[in-house]
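In: quick one, structure for this:
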Amino acid sequence: MLIVGCGSILCHDDDYNAFQYPPEDADAISVCVDAVARERRYLGNTTGFSAEQTRAFIASLSDSGGIQIVMVVDAKIAGWCDVISVPFEGMRHVGRLGMGLLPVFSWPGSRTPTCS
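Out: Next up, the predicted model:
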């Protein structure tokens, strides 16, 4: 697996890596978000967003100081975590967390893998 951030690897083990994806890779991220949304368990939406909406969201994260990290397994997006900065003065140390993981990567009692 591969987890990446800002084009550089943030976390790596033999199974996955984590990194921040650029807006150009929005197609793959939107497919992953849609799959998790259709589970109707973990997200407020019941369907994902279009690639164009996802591309705009990723670009806005960069512009506002937010970040999105994705987990890649076998060259496919398997999950994500994003933090959106709160724009109000006095709250700039706060962010809204969003994350998801494809069901195939779930473990009993847990939906989040950790780096060893």
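In: strands along the chain, start to end?
Out: 2-5, 8-12, 17-20, 67-73, 76-85, 95-101 (DSSP state E).
In: lowest-confidence stretch among these?
Out: Lowest mean pLDDT within these: strand 2-5, a mean of 41.
In: list the contacts for the nearest residue to F49 once chain neighbours are set aside?
Out: Leaving aside its sequence neighbours, F49 sits nearest to S30 (CB to CB, 6 or more residues apart in numbering; 5.7 Å). All C-beta spots, glycine's among them, are computed from the backbone N, C-alpha and C. By CB atoms under 8 Å, 6 or more residues apart in numbering, S30 lies in contact with 48-51, 53-54.
In: one more time with 6 Å, if that's ok
Out: Residues near S30 by CB atoms under 6 Å, 6 or more residues apart in numbering: 48-49, 51, 54.
In: show the buried residues in the residues you listed.
Out: 48-49, 51, 54 (16 or more other CB atoms under 10 Å).
In: count of neighbours near W80?
Out: 20 (other CB atoms under 10 Å).
In: helices - which of the contacts of S30 land there?
Out: 51, 54 (DSSP state H).
In: select, from the contacts of S30, the two members most distant in space.
Out: G48 and A51 (9.5 Å; CB to CB).
In: wait, doesn't T47 sit right on A35?
Out: No. At 10.1 Å, T47 does not count as touching A35 under the criterion of CB atoms under 6 Å.
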